[in-house]
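[1] Pasting a predicted model and its sequence here:
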Amino acid sequence: MIVERPPAFSAAPTGAVRRRPWRRALARPSLPATAGLVVVVSFFAVQAPELLTWPGIAGVLDTAAVLGVGGVAVALLMIAGHFDFSVGVLALASSLVMAMLIGYAGWGTWPALLVSLAAALAVGLINGLLVVITGVSSFLVTLGTFLVLQGISLVGAQRVTSTARLSDLSHARGWSSAARVFDSTLQMGIARFHSSLLWWLALTAVASWALWRTRFGNAVFASGGARRAARELGVPVGPTTVGLFCVTSTAGWLMGTFGLLRTGGVQPNAPALGTAIDCVVVAVIGGCLLTGGFGSAFGAAVGSLLYAVAREGIILSGWDPRWFQSMLGLLLLTALLANGVVRRRLKAVPRS
Amino acid sequence: MSRPLPAHPPVDATDSAGAAAPALELRKLTVRHGGVEALARVSATLHAGEITCVLGENGSGKSTLVSVLSGLRRHDEGKLLIGGTPRHFRSPRQARAAGIATVWQDLAVAPLLSVWRNFFLGAEPTRGVWPLRRLDLARARETTVRAMARVGVLGLDPDQPASALQAGERQSLSVARALHFGARALVIDEPTTPITLARQTLFGQAVLAARAEGLAVVLVTNNPRYAHLIGDRFLLLAGGQVAGHLTRDDVDADVLTALMAGGEELTTLTSALTALHPELGER
């Protein structure tokens, strides 16, 4: 043994090195979204004061929760450097599968839920395997699966409207117990909170913990930010990617389940095209970089809150709801610019 | 509930018979990229406590050799023996678990991750049981600071992102990581990033210290003079085959330079050109 071992260092270097906690806060991916949220909330608080009443808040949280479930999943995927278009259409497709199994085949609610979950997982698996094996950009692969599912769902939805047999499923076996899990409500005065809110908060917390405190999280960050280095160090990049595609498809299924159990049937004219991009928009507003390696689950949650406030605010202000798309685009562009600035300026700042 | 870190577990360099088995041995190792043989029947013995320098032109199979030794690629034919046992690594994780750590040419550093996350990437220390198994942050930070101090980077904040490190510090991170995980062998694909003489000296010291600790060191380099200075054996590769296997006593630095820098290439070029243009041979 010739190596000189210098005296052991104390675990935490002294204050001279660990300084500037405010800069650390500035480097958080969720910062631009949080600032945007403050601006949008104060704007609509003036425009539409009903937004800050209990029913208004419940409405915002409900929109944010359903979308946020998909947004958090897509955020994880984007941190790993990939993209999923098919989340929104999976929500529609899996609720259709459930409705058909219950309405036509006479299945109980729980078996139908499990089978549609398996179908969603199969789509996620196909997405993930195609991306990993062929190396084709996930943008294109999931655009493909999105179109395929969209076509199938539209045809299926048309059948639904022509027969009207799937519009009320709430008499199926196990419906009430499933509804308790996925769509119980809490009435507070005139405001009504749905249990999707709890799902959203729990999933965001779990995702955040997994990202920062587990091996899996390290693998996610490394797969996105430095894929070659990750491979060289033996990080399971392929399995992590496939797993994340399964997570996003499960999130899509969960969104579909919320919708189905709430309305008691499939809404065939629910715009799947909208939600297809919305989850991605929410993740980007929340600070995820398209190139991967940067982002947070908390950011995605703030992003979906921002989305929901803008949407409910426009409705409550009595504006034409079609303005919402333009507003969303504006928010997205602002978020992209802000993220770019934050990343360039503060890349060199501690963040973990 | 904590799992031991793979930091320098005892390695018995001797087999059951008591005779020293080489730390690493390649027997007629062949690796194909598609139909092309990147390595063709390469045999070599890499002893513990020795520095073997791998020299060769670009495309001679040096990087393929590195990726086989470190588990990134699987060999198609032949054998790779680790301490006398044939192994087929399926991932760099397995190679690292077998005590073979690599300093990659691109350093394998993720710029947006913090220093300690980079240090342990792919082999993080954890505590707790599965659903709640989580990173052991305190241990990871402490080990990182200690290992970085060992290669001469003092007063480091392990939480700063790797992109905030200077180029030389990033290289030190890569070396410190390999020294920490390499219990049996150290594979160094000489980084191309330019570094200061002081860092180069530290780097050389680290390599020599690893040799003194009894590790088999494989150093892939483009600098024959440096190789001769530091190396005990020299493995010359050309076109995926072993062009020469020399010891320090066989050659001096000038011969090594000539062998390395175009000696062979020039001979081939000359014969090819003279075959096409016989008048060149008269010069």
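    Done, it's in.
[2] Now do the phi/psi pair for whatever residue of the stretch 51-200 of chain A ends up closest to chain B.
    The stretch 51-200 of chain A approaches chain B most closely through residue A:79 (9.9 Å), counting by Cβ to the nearest Cβ. (Glycine included, C-beta is placed from N, CA and C.) Per-residue torsions, residue A:79: phi -60, psi -30 (degrees, to the nearest 10).
[3] contacting residues around it?
    Residues in contact with residue A:79 (Cβ atoms under 8 Å, 6 or more residues apart in numbering or on different chains) are A:211, A:220-221, A:224, A:288, A:292-296.
[4] What of residue A:102?
    A:108-109, A:112, A:166, A:169, A:172.
[5] which of those residues lies closest to residue B:56?
    residue A:112 (63.0 Å; Cβ to Cβ).
[6] The helix or strand where the closest one lies - contacts with which helices or strands?
    For residue A:112, the enclosing helix or strand under DSSP states H and E is helix A:109-134. On a contact count with 3 or more Cβ pairs under 8 Å, 6 or more residues apart in numbering or on different chains; DSSP states H and E, helix A:109-134 meets helix A:87-103, helix A:138-163, helix A:175-183, helix A:237-263.
[7] so where do the helices sit in the stretch 251-352 of chain A?
    Ranges of helices in the stretch 251-352 of chain A, per DSSP state H, counting those that start in this stretch, are A:272-285, A:297-317, A:323-346.
[8] Give me the most central residue, the chain.
    Just going to use chain A. In chain A, the C-alpha nearest the mean C-alpha coordinate belongs to residue A:71, at 1.5 Å (Cα atoms, centre = their mean).
[9] could you do chain B instead?
    Central residue of chain B (Cα atoms, centre = their mean): residue B:187, 1.6 Å from the mean position.
[10] which helices and strands sit right next to the helix or strand harbouring that residue?
    Per DSSP H and E: residue B:187 is located in strand B:185-189. Where contact means 3+ Cβ pairs under 8 Å, 6+ apart, strand B:185-189 is packed against helix B:62-69, strand B:100-103, helix B:167-181, helix B:197-212, strand B:216-220.
[11] For residue B:217, give its distance to chain A.
    14 Å (Cβ to the nearest Cβ, to the nearest Å).
[12] how long is stretch B:72-89 end to end?
    Chord length of stretch B:72-89, first to last residue, is 8 Å (Cα to Cα, to the nearest Å).
[13] Stretch B:106-116 now?
    So stretch B:106-116: terminal residues 18 Å apart, Cα to Cα.
[14] Spell out which parts of the stretch 51-200 of chain A neighbour chain B.
    Residues of the stretch 51-200 of chain A lying near chain B by Cβ under 8 Å from any Cβ of the partner chain: none.
[15] May I have the residues that are in contact with the nearest residue to residue A:131 once chain neighbours are set aside?
    In space, and not counting its chain neighbours, residue A:131 is closest to residue A:138: 4.6 Å by Cβ to Cβ, 6 or more residues apart in numbering or on different chains. For residue A:138, the contact set (Cβ under 8 Å, 6+ apart) comprises A:82-84, A:127, A:131.
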